[in-house]
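> What would the 3D arrangement of this be:
(one chain, ligands or ions: 1)
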Amino acid sequence: MPESPIRKLVPYAEEAKKKGVNVIHLNIGQPDIKTPQVALDAVKNNTLEVLAYSRTEGSETYREKLAAYYAKNDIHVSAKDIIVTTGGSEALAFTMSTVADNDDEIIIPEPFYANYNGFATAVGVKVVPVISHIDSNFALPPIEEFEKLITPRTKAILICNPGNPTGYLYTREEIKKLAQIVKKYDLFLIADEVYREFTYDGKEHYSILQEEGLENHAIVVDSVSKRYSMCGARIGCLVSKNETITKTALKFAQARLSPPTYAQIASEAALETPQSYFDQVKEEYVGRRDLLIQELKKIEGVKIGVPQGAFYCIVELPIDDSDAFAQWLLEEFRLDNETVMVAPAAGFYASEDHGKNQIRIAYVLDKENLKKAVHILKEGLASYIG
Ligand SMILES: Cc1ncc(COP(=O)(O)O)c(C=O)c1O
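Next up, the predicted model:
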């Protein structure tokens, strides 16, 4: 089982904190944005007397309202196409278990959300990476690169859109190319769309569930964690129009009984969040992204994959081992008794020796802290490379 590159350095950060050092976290996608009050109030004010299990597939009213949310986003599904899960994480695990047997293969453009490695290992599935490059901002690799990797064991292509850790937003044309190839080889197309709401520069998200003719192939993984800054609720869902998929995933869901009850109440209420909330949040993230890029550009020798969505970016540094550098920042480097924690990027790749000169930054801090963090990173880097 691989370690999470996002969490494995935590003991070093804790050690530094014990010594009174202020550690600024650029490593984890825990937004500082406030959870919508309507969601918190729904839990506070409810009158439940028994905190019971819910239905395995999630409460009926929540799934009905979720279907209405998707309709507003031009995604036409019904409650029966949705299985509520314990976070997008569980939806990912169910999806992989549903589409693949032991030793089957799933092709994933890398760098990808590191826990895909963990889930695939846990369910015995082999991740087959196809590399995307910082120089093209991590756009979809040529479709022939996917085609070359398809074997009789290939069951699916998995994308993250917008991407963690790249911030890349796939275009409609890229989704259409993927649709063609999965239809040609009769594969599933899995899209992790947990950052759907976070797209910038006037760009719009195009869901695989909007693509006509893909109904039997498309499986979407979703979550309330980032959309409403409700990471601790642990609510996500799996959405597919393919009945065999939802029926099979439901069997995995039955084994774990039900998703959490209070959190479904909060998530259902969160659907009432007004558009103005998202407009403000988006504006905030765009401001942070622009500041981050501007400050990073001041560091000599860095390359940046400019994000168009989500709230992460990959940064290439003039070093050869970002694991060692990230650990050194926590153990050795201090600027006015502060340091930064970054996620080394190698863990976001399945190919050996890739991403070793890259880190992932999550811009989930306010602008002042973000600016300070990049300054500390700059000074740290200068001191590290001498
Ligand atoms: C791309 C992506 N997918 C899925 C998840 C899992 O989220 P959760 O289980 O909190 O819904 C995350 C969390 O960071 C993520 O970044």
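
> Write out the residues of the stretch 151-300 of the chain neighbouring the ligand.
For the stretch 151-300 of the chain, the residues in contact with the ligand (C-beta under 6 Å from any ligand atom) are 160, 164, 192, 194, 223, 225, 231, 236. All C-beta spots, glycine's among them, are computed from the backbone N, C-alpha and C.

> Report the buried members of those residues.
By the neighbour-count criterion of 16 or more other C-beta atoms under 10 Å, these include these buried positions: 160, 164, 192, 194, 223, 225, 231, 236.

> What residues are bridge-paired with the fifth one?
Yep, that's residue 223 we're talking about. With DSSP bridges as the criterion, the beta-bridge partners of residue 223 are residue 236.

> quick one: contacts for residue 211?
Contacts were defined as C-beta atoms under 8 Å, 6 or more residues apart in numbering; by that measure residue 211 touches 175, 176, 179, 218.

> PyMOL command for the buried members of the residues you listed?
With 16+ other C-beta under 10 Å as the criterion, this PyMOL line picks the buried residues out of those:
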select buried, resi 175+179+218
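
> So which of the contacts of residue 211 are in helices?
Judged by DSSP state H, helices contain the following of the contacts of residue 211: 175, 176, 179.

> which one of these is nearest the ligand?
Proximity of those to the ligand (C-beta to the nearest ligand atom) peaks at residue 175, which lies at 16.7 Å.

> Look up how far residue 150 lies from the residue in the chain sticking out farthest from the centre.
With distances taken as C-alpha atoms, centre = their mean, the residue sitting farthest from the centre of the chain turns out to be residue 49, at 35.4 Å. Plainly put, residue 49 is 54 Å away from residue 150 if you go by C-beta to C-beta, to the nearest Å.

> what about residue 27, how many residues close to it?
26 (other C-beta atoms under 10 Å).

> tell me the SS of it?
Following DSSP: H, G, I helix; E, B strand; the rest coil, we place residue 27 in the coil state.

> can you check the one 5 residues further on too?
Assigned state for residue 32: coil (three-state reduction, three-state DSSP).

> Now do the same contact list for it.
Taking C-beta under 8 Å, 6+ apart, one finds 364, 365, 366 in contact with residue 32.

> any idea which of those residues is closest to the ligand?
residue 364 (10.6 Å).

> was I right about the closest one contacting residue 30?
Yes. With contact defined as C-beta atoms under 8 Å, residue 364 reaches residue 30; the gap is 6.1 Å.

> Please say which of those two ends up with more neighbours.
More crowded of residue 364 and residue 30, by other C-beta under 10 Å: residue 364, with 22 against 14.

> returning to that earlier point: mind putting the contacts of residue 211 in a markdown table, distance to residue 105 and pLDDT included?
Shown next, in a markdown table, are those (distance: C-beta to C-beta, whole Å; pLDDT from 0 to 100):
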| residue | distance to residue 105 | pLDDT |
| --- | --- | --- |
| 175 | 21 | 98 |
| 176 | 23 | 98 |
| 179 | 19 | 98 |
| 218 | 19 | 98 |
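
> Out of the residues of the stretch 151-300 of the chain next to the ligand, flag the one nearest to residue 125.
Closest to residue 125 out of these is residue 192 (15.1 Å), distances taken as C-beta to C-beta.

> so who does the closest one touch?
Taking C-beta under 8 Å, 6+ apart as the criterion, residue 192 is in contact with 88, 92, 113, 158, 159, 160, 161, 220, 221.

> And for residue 3?
The neighbourhood of residue 3, defined by C-beta under 8 Å, 6+ apart, consists of residue 347.

> Kindly recompute the last result at 10 Å.
With contact set as C-beta atoms under 10 Å, 6 or more residues apart in numbering, residue 3 has these partners: 9, 114, 117, 118, 347.

> now, which of those lie within helices?
Helix and strand membership here follows DSSP H; of those, those in helices are 117, 118.

> what's the spacing between whatever residue of the chain ends up closest to the ligand and residue 258?
Distances from the chain to the ligand, computed as C-beta to the nearest ligand atom, single out residue 87 as the nearest residue at 2.7 Å. With distances defined as C-beta to C-beta, the gap from residue 87 to residue 258 amounts to 14 Å.

> Compare those two (neighbour count), which wins?
The neighbour comparison of residue 87 against residue 258 (other C-beta under 10 Å) goes to residue 87, with 23 against 18.

> now residue 334, nearest residue through space, not along the chain?
Spatially, and ignoring its direct neighbours in sequence, residue 334 is nearest to residue 21 (6.1 Å; C-beta to C-beta, 6 or more residues apart in numbering).

> right, and that neighbour touches residue 339 too?
Yes. Under the criterion of C-beta atoms under 10 Å, residue 21 makes contact with residue 339 at 6.0 Å.

> Strands along the stretch 151-300 of the chain, start to end?
If you assign secondary structure with DSSP state E, counting those that start in this stretch, the strands in the stretch 151-300 of the chain sit at 154-160, 188-192, 218-223, 236-239.

> Quick check: neighbours of the second one in the sheet, parallel or antiparallel?
Strand 188-192 has the following strand partners under DSSP bridges: strand 154-160 (parallel), strand 218-223 (parallel).

> what is the mean pLDDT for the first one?
It stands for strand 154-160. The average pLDDT within strand 154-160 is 98.

> And for stretch 80-99?
Stretch 80-99 carries an average pLDDT of 98.

> So which bits of it are buried?
By neighbour count with 16+ other C-beta under 10 Å, stretch 80-99 contains the buried residues 81-99.

> what does stretch 17-26 give?
Within stretch 17-26, the residues scored as buried using 16+ other C-beta under 10 Å are 23, 24, 25, 26.

> pretty sure residue 304 is in contact with residue 290, am I right?
No. With contacts defined as C-beta under 10 Å, residue 304 does not count as touching residue 290, sitting 11.9 Å away.

> Looking at those two, which one has more neighbours?
residue 304 (18 against 14).

> who are the neighbours in contact with the more buried one?
With contacts defined as C-beta under 10 Å, 6+ apart, the neighbours of residue 304 are 134, 137, 167, 292, 293, 296, 297, 313, 314, 315, 316, 361.

> Kind regards, and thank you for your time.
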